[in-house]
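*Asks:* Fold the following.
(chains A and B)
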Amino acid sequence: MSTVRIPPVLRENTGGSRTVEVGGGTVSQVLNELFSQHPSLRDRVTTDGQLSEFINVYVNDRDVRYREGLDTTVGPDDTIILLPAMAGGER
Amino acid sequence: MTNESTGPFREVGTDEAIALAREGHRVIDVREQSEWDAGHVAGATLVPLGEVVERIREIAPDPEAPLLLHCAVGGRSGRAAGWLAELGYTNLVSLRAPITQWKERGGGWEEPVQLLSPQQQRRYARQVLIPEIGQEGQRTLLDGKVLLIGAGGLGSPVALYLAASGIGTIGLVDDDVVDESNLQRQILHGADRIGMRKVDSAELTLRGINPETTVVKHVERLGPDNVERLIADYDVIVDGTDNFDTRYVLNDAAVRLRKPVVHGSIYRWDGQVTTFVPFEGPCYRCMYPTQPPAELAPACSVAGVLGVLPGIAGVLQANEVFKLLLGVGDTLSGRLLMFDAMGTTFDEVRIWRDPACPACGASVAPSVTSERPAQPAAV
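*Replies:* Here you go, the predicted model:
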């Protein structure tokens, strides 16, 4: 099982969980497994079946956009980080 | 004064020495560093007496080259000349006169460069001790100009540390006034400042910490029309804004004007910090090509934020500013540092320059080297 880190703005979709353990050998499989556990996440992370541009997905410290995208392989000890842009600073 | 003895070297007076130096004698100053620092012959080489024998071969490999040695009055240079004669040097002259005459009689002279006043040396003593800073680095900081976008949560710790450390000019862009709900985290401001413009409150606080720092107040909101004017005169920009529109506007202008931006953002218990150095590393648009919908990116005023969060992020931002100004160490360029105050964890991910970036990609800078992003597949 690999670990998906849930960013603060998406924790309401995971019942407050900061991490979710999922199986799957690719980013695509991991995300589908994640969406089956927490269905409301799908629309917040994807747009028309594609990863939303404003959400970066990392396998460990690597942005999957610069690897094989959703086909990027995921090992059982890997950490997947979902990272939407954070608005806020703060004047 | 001239001694025409037939010994292994000749002793001369000031006027002749100045003439010899002009004719091409290499001037070797055998005094100590502290004496040299107080002023020295222009073009001279410092080789303290205790190092002369050891270092002369590297400094003057040719034993027939004409050398003019001097010290304060002629004692040490005479000894040095004697030793060099024993080493086989044949064209030696030693100045037997107070070196103070050199300047009085029109010889080339270099005055010491005072980088820091005595008061500055005391104030910044702990920083000047650090090898990577020293007096020169402190001078650089004193000459540095840093613009903070926002004098609020992130701007507070940044401004406090920059001022305390002697950053010469701190610009503040903020058109807001201090609200009671700010005080839980915006430590530039206090209960007695409610209703005051944030830039005025910040100026009062920073003056108290360091009267030497110049605070430039820009009472306006950063936008497409004023961004280039606002950032043009500064060395480093610190982004502590509260919305995406401003962040993209700032990013694009900073890339155009090649200004490094130290980015910080915070949300409840989480923070992110990185540094964007235009054309050397990714920019904000490389990292986030598109801004998220509002419901995915609530502002602190809606979502809340822990008081120390901007403190942690802001101090990390200030750390980046020092390295950018001093040109030392490794910045967060190309890395996004994320911290989670709830778990007290720090993680980082790599961020890449995007060749397709509309701000800094191949269309504006043909030399972008990172790989083209893979096409996203369907989920």
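*Asks:* In chain A, what helix or strand scores lowest on average pLDDT?
*Replies:* strand A:50-51 (a mean of 84; mean pLDDT, DSSP states H and E).
*Asks:* ok, that one: who's next to it in the sheet?
*Replies:* Paired with strand A:50-51 in the same sheet, following DSSP bridges, are strand A:46-47 (antiparallel).
*Asks:* Nearest residue to A:Asp77 in space, please, no chain neighbours.
*Replies:* A:Ser2 (7.1 Å; Cβ to Cβ, 6 or more residues apart in numbering or on different chains). In this view, the C-beta of every residue, glycine as well, is placed from N, C-alpha and C.
*Asks:* Just the residues contacting the longest helix along chain A, thanks.
*Replies:* Counting residues, the longest helix found in chain A (DSSP state H) is helix A:27-37. Applying Cβ atoms under 8 Å, 6 or more residues apart in numbering or on different chains, the contact partners of helix A:27-37 are A:2, A:4, A:20, A:22-24, A:41-42, A:45-46, A:57, A:59, A:64, A:69-72, A:74, A:80, B:377, B:379.
*Asks:* Also stretch B:331-349?
*Replies:* By Cβ under 8 Å, 6+ apart, stretch B:331-349 touches A:18, A:56, A:58, A:61-63, A:81, A:83, B:269-277, B:280-282, B:287, B:306, B:308-309, B:312-313, B:316, B:320, B:323-324, B:350-352.
*Asks:* Among those, name the ones in strands.
*Replies:* A:56, A:58, A:62-63, A:81, A:83, B:270-276, B:350 (DSSP state E).
*Asks:* Centre-most residue in chain A?
*Replies:* By Cα atoms, centre = their mean, chain A has its centre lying nearest to A:Leu82, at 3.7 Å.
*Asks:* did I read that right, B:Asp200 in a helix?
*Replies:* Yes. Assessed by DSSP: H, G, I helix; E, B strand; the rest coil, B:Asp200 belongs to a helix.
*Asks:* Give the helix, strand or coil label for the closest residue in space to it that isn't next to it in sequence.
*Replies:* Closest residue in space to B:Asp200, ignoring its immediate chain neighbours: B:Lys217 at 7.1 Å, by Cβ to Cβ, 6+ apart. Three-state call for B:Lys217 (three-state DSSP): strand.
*Asks:* What score does residue 28 have for pLDDT?
*Replies:* Just going to use chain A. Looking at A:Ser28, its pLDDT reads 93.
*Asks:* wrong one, chain B
*Replies:* 97.
*Asks:* B:Ile170 is in contact with the residue nearest to B:Asp200, correct?
*Replies:* No. With contact defined as Cβ atoms under 8 Å, B:Lys217 does not reach B:Ile170; the gap is 9.9 Å.
*Asks:* Neighbour count for those two, which is higher?
*Replies:* With neighbours defined as other Cβ atoms under 10 Å in any protein chain shown, B:Lys217 and B:Ile170 compare such that B:Ile170 has more, 27 against 17.
*Asks:* The helix or strand where that one lies near chain A at all?
*Replies:* In this structure, B:Ile170 is located in strand B:169-173 according to DSSP states H and E. No. Residues of strand B:169-173 contacting chain A under Cβ under 8 Å from any Cβ of the partner chain: none, with a closest distance of 9.2 Å.
*Asks:* Sheet partners, orientation included, of that strand?
*Replies:* strand B:145-149 (parallel), strand B:214-218 (parallel).
*Asks:* Would you format the ones you listed as TSV with mean pLDDT included?
*Replies:* Shown next, in TSV, are the strands paired with strand B:169-173 (pLDDT from 0 to 100):
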stretch	mean pLDDT
strand B:145-149	98
strand B:214-218	98
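*Asks:* any idea which of those is most buried?
*Replies:* strand B:145-149 (a mean of 25; mean count of other Cβ atoms under 10 Å in any protein chain shown).
*Asks:* ok, and what's touching it?
*Replies:* So strand B:145-149 is in contact with B:155, B:158-159, B:162, B:167-173, B:222, B:230-231, B:233-241, B:246, B:250, B:321, B:325, going by Cβ under 8 Å, 6+ apart.
*Asks:* let's go with 6 Å and repeat that
*Replies:* Contacts with strand B:145-149, where a contact means Cβ atoms under 6 Å, 6 or more residues apart in numbering or on different chains, come from B:155, B:158-159, B:162, B:167, B:169-173, B:222, B:231, B:234-241, B:321.
*Asks:* what comes up buried for the longest helix of chain A?
*Replies:* By 16 or more other Cβ atoms under 10 Å in any protein chain shown, the buried positions in helix A:27-37 come out as A:27-31, A:33-35.
*Asks:* quick one, what contacts B:Arg55?
*Replies:* Listed by Cβ under 6 Å, 6+ apart, the contact set of B:Arg55 reads B:Val47.
*Asks:* I'd assumed it was in a helix, is it?
*Replies:* Yes. The assignment for B:Arg55 (three-state DSSP) places it in a helix.
*Asks:* Mind checking which of the contacts of strand B:145-149 are in helices?
*Replies:* Those of the contacts of strand B:145-149 mapping onto helices are B:155, B:158-159, B:162, B:231, B:321, per DSSP H.
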